[in-house]
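[1] can't give you the sequence, but here's the structure:
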């Protein structure tokens, strides 16, 4: 919204004006340091430039700002008007859960691939972090107007299936262990290695991974793509290699076929076909990319775990060389540790050094697990505080936010039972106290948050926004009595305000993927 006000000015000064929320709300609703940047180029006083910019601004919406001021050393601070905030309350109550919907996606098709763990065992906590992160990205993109496909790629055509086969047969090359391997041995222990691996992989996907994803993590996928049957057997690997050969991006050396990924910034070229004539794992990746490209996506997102850091440049190379013209976003989620009282926890009963996501969900619940794993940017290592997660009090940020929603529902229920709502329009001009303005200011940020996350993928900002909004509501409620029989007009206005707060808080929780309880 504020960027629209500055569009004309940007074209005049030929500088991108970056606007953000000031850390201290007493400095307005938005702030920019463009005058300080220009001062270095123009050799003039930043404060003088700031004042000149303000004098040149044109505002398309009358009454949008209460004031715009220049402050030392040259910041420009924008203060939205109370009337603007009150109009926003009406808008929220009219649009309800559609508040914050935007058309930035323009129905563009997005392929969002996440988790895609090898079908060799239950999902670990790192898979859970990437899974929740990917699911929330899709929620936000859909709200921003994108058409999103959630996709899981099943790596059932490579060497890991043979490793699984050895493990199921419990021979000298066994590398996986746990209760699930014991069960698979009972089922397929009399098969040969290849057959045991393939049957075990299929069983793990259908009876362990899908069950964990759907029932525990509460994630829905639009498509599960099999490397073996959907990519390899349908000829996509050979087709991708042929495209690379025709583009002179593949060459032979030492009896192997190589992809010239260094042409795209990789540190070395990558093998497609090994000297023994077998396809390298990367060849299947190229085939799968072509499989995606042919389905006509405008944007592709690939979210993988911390052990895939070296894949980034080669995957960008494959996308470009195979002809993808859209935006490709490759995201790595970092490791997660589980701690309690400062000590690393070993939770799994099935494998002593592994934490499985379904076991953590069983211990602390889905909402807590998801919310906690989403609170940190995926590119940072994090420790999951098990002690805090087990708290069933407002010390736990999930319960703190959900309690705010439940408290609003309780007040609205009481207002409805006492027939305090009126058919006539509430007089929102009565909402002029500091805590009321602060709550309205926070509600106003929601649409911009959705739009920004739709471009930046910084979904960790959603749980932090939910906490901040809950803060603002609790602070408002502590100071401002909502239901006051002595002031029916003010009561109706405040009911409209908390009704809007409930709508935005519930929609924020929906995007995060956790519940918004009506009572606790």
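    Cool, got the structure. None of the values given here were measured: they were computed from a predicted structure. Numbers count the residues shown, from 1 in each chain.
[2] Now stretch 496-505: average pLDDT?
    If you average the pLDDT over stretch 496-505, you get 98.
[3] Can you classify residue 383 as helix, strand or coil?
    For residue 383, the secondary structure call by DSSP: H, G, I helix; E, B strand; the rest coil comes out as strand.
[4] Could you count how many residues lie near it?
    Neighbour count for residue 383, taken as other Cβ atoms under 10 Å: 16. (Each C-beta comes from the backbone N, C-alpha and C, glycine too.)
[5] which residues touch it?
    Applying Cβ atoms under 8 Å, 6 or more residues apart in numbering, one finds that residue 383 lies in contact with 336-339.
[6] Please apply the same query to residue 113.
    Applying Cβ under 8 Å, 6+ apart, we find residue 113 in contact with 134, 151-153, 300-303.
[7] try it again with 7 Å
    If you count contacts by Cβ atoms under 7 Å, 6 or more residues apart in numbering, residue 113 has them with 151, 153, 301-303.
[8] got a markdown table for the residues you listed, with pLDDT, secondary structure and neighbour count too?
    Shown next, in a markdown table, are the contacts of residue 113 (pLDDT from 0 to 100; DSSP: H, G, I helix; E, B strand; the rest coil; neighbours: other Cβ atoms under 10 Å):
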| residue | pLDDT | secondary structure | neighbour count |
| --- | --- | --- | --- |
| 151 | 98 | strand | 23 |
| 153 | 98 | strand | 23 |
| 301 | 98 | strand | 22 |
| 302 | 98 | strand | 25 |
| 303 | 97 | strand | 24 |
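[9] Could you work out the most separated pair of the residues you listed?
    Pairwise distances across these (Cβ to Cβ) peak at 12.6 Å, for the pair 153 and 301.
[10] Can you name the next helix or strand after the helix or strand of the chain with the lowest mean pLDDT?
    Averaged element by element with mean pLDDT, DSSP states H and E, the chain has its least confident helix or strand at helix 2-13 (a mean of 62). The first helix or strand that comes after helix 2-13 along the chain, using DSSP states H and E, is strand 19-20.
[11] Could you list the paired strands of that next one along with their orientation?
    Applying DSSP bridges to the sheet, strand 19-20 is found paired with strand 30-32 (antiparallel).
[12] Can you list the buried residues in the next helix or strand after the partner strand?
    Next helix or strand after strand 30-32 toward the C-terminus (DSSP H and E): helix 34-42. By neighbour count on 16 or more other Cβ atoms under 10 Å, the buried set for helix 34-42 is 34-39.
[13] just stretch 480-497 next, same as before
    Across stretch 480-497, burial judged by 16+ other Cβ under 10 Å covers 480, 482-483, 490-497.
[14] again, but for stretch 328-343
    Across stretch 328-343, burial judged by 16+ other Cβ under 10 Å covers 328, 330-334, 336, 338, 340.
[15] Considering those, which member attains the minimum pLDDT?
    Least confident of the buried residues of stretch 328-343 in the model: residue 340, at 85.
[16] where does it fall, phi/psi-wise?
    Per-residue torsions, residue 340: phi -150, psi 130 (degrees, to the nearest 10).
[17] and it, what are its bridge partners?
    Bridge pairing for residue 340 - DSSP bridges - gives residue 343.
[18] Dump the buried residues of stretch 328-343 to CSV, plus secondary structure and distance to residue 272.
    Converted to CSV, the buried residues of stretch 328-343 look like this (DSSP: H, G, I helix; E, B strand; the rest coil; distance: Cβ to Cβ, whole Å):
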residue, secondary structure, distance to residue 272
328, strand, 20
330, strand, 20
331, strand, 25
332, strand, 23
333, strand, 27
334, coil, 29
336, strand, 34
338, strand, 39
340, strand, 47
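[19] So residue 81 sits against residue 62, correct?
    No. Using Cβ atoms under 7 Å, residue 81 makes no contact with residue 62, being 9.8 Å away.
[20] which of these two has more neighbours?
    Between residue 81 and residue 62, counted using other Cβ under 10 Å, residue 81 has the larger neighbour count: 16 against 8.
[21] what about the nearest residue to the more buried one once chain neighbours are set aside, how many residues close to it?
    Using Cβ to Cβ, 6 or more residues apart in numbering and skipping residues adjacent in sequence, the residue nearest residue 81 is residue 66, 4.2 Å away. Counted with other Cβ under 10 Å, the neighbours of residue 66 add up to 15.
[22] does residue 66 count as helix, strand or coil?
    Going by three-state DSSP: residue 66 is strand.
[23] can you give me the helices for the stretch 301-450 of the chain?
    Counting by DSSP state H, counting those that start in this stretch, the stretch 301-450 of the chain has helices at residues 312-321, 357-364, 366-374, 386-389, 397-417, 434-444, 446-456.
[24] To residue 108, which of those lies closest?
    Taking Cβ to Cβ, helix 446-456 is the member of those nearest to residue 108, at 10.6 Å.
[25] How far does the closest one sit from its chain's centre?
    11 Å (Cα atoms, centre = their mean, to the nearest Å).
[26] which outside residues touch it?
    Helix 446-456 has contacts (Cβ under 7 Å, 6+ apart) with 1, 99-100, 102, 104-105, 140-141, 143-144, 459, 461-462, 465, 504.
[27] Most widely separated two among these?
    Top of the distance list for the contacts of helix 446-456 (Cβ to Cβ): 1 and 459, 21.6 Å.
[28] Looking at those two, which has the bigger crowd around it?
    Using other Cβ under 10 Å, the more surrounded residue of residue 1 and residue 459 is residue 459, with 22 against 15.
[29] a strand runs through the more buried one, doesn't it?
    No. According to three-state DSSP, residue 459 belongs to no strand; its state is coil.
[30] ok, it touching residue 133?
    Yes. If you go by Cβ under 7 Å, residue 459 and residue 133 touch, sitting 6.1 Å apart.
[31] Quickly list what's touching both of these two.
    Shared contacts of residue 459 and residue 133, counting by Cβ under 7 Å, 6+ apart, come down to residue 374.
[32] if we can go back for a sec, present the helices of the stretch 301-450 of the chain as JSON lines; the columns should include distance to residue 173 and mean neighbour count.
    Output for those, formatted as JSON lines (distance: least, Cβ to Cβ, whole Å; neighbours: other Cβ atoms under 10 Å):
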{"stretch": "helix 312-321", "distance to residue 173": "28", "mean neighbour count": "21"}
{"stretch": "helix 357-364", "distance to residue 173": "28", "mean neighbour count": "20"}
{"stretch": "helix 366-374", "distance to residue 173": "34", "mean neighbour count": "24"}
{"stretch": "helix 386-389", "distance to residue 173": "36", "mean neighbour count": "18"}
{"stretch": "helix 397-417", "distance to residue 173": "44", "mean neighbour count": "19"}
{"stretch": "helix 434-444", "distance to residue 173": "58", "mean neighbour count": "20"}
{"stretch": "helix 446-456", "distance to residue 173": "45", "mean neighbour count": "18"}
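[33] Distance to residue 233 added to those helices, as TSV?
    Output for the helices of the stretch 301-450 of the chain, formatted as TSV (distance: least, Cβ to Cβ, whole Å):
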stretch	distance to residue 233
helix 312-321	20
helix 357-364	31
helix 366-374	36
helix 386-389	44
helix 397-417	44
helix 434-444	53
helix 446-456	36
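[34] Out of those helices, which is closest to residue 245?
    Of all those, it is helix 312-321 that lies closest to residue 245, at 10.9 Å by Cβ to Cβ.
[35] Check which helices and strands the closest one is in contact with.
    helix 281-293, strand 327-333 (3 or more Cβ pairs under 7 Å, 6 or more residues apart in numbering; DSSP states H and E).
[36] returning to that earlier point: out of the contacts of helix 446-456, who's nearest residue 182?
    Lowest distance from residue 182 to the contacts of helix 446-456 (Cβ to Cβ) belongs to residue 459, with 37.7 Å.
[37] check contacts around that closest one.
    With contact taken as Cβ under 7 Å, 6+ apart, residue 459 is in contact with 133, 136-137, 140, 374, 453.
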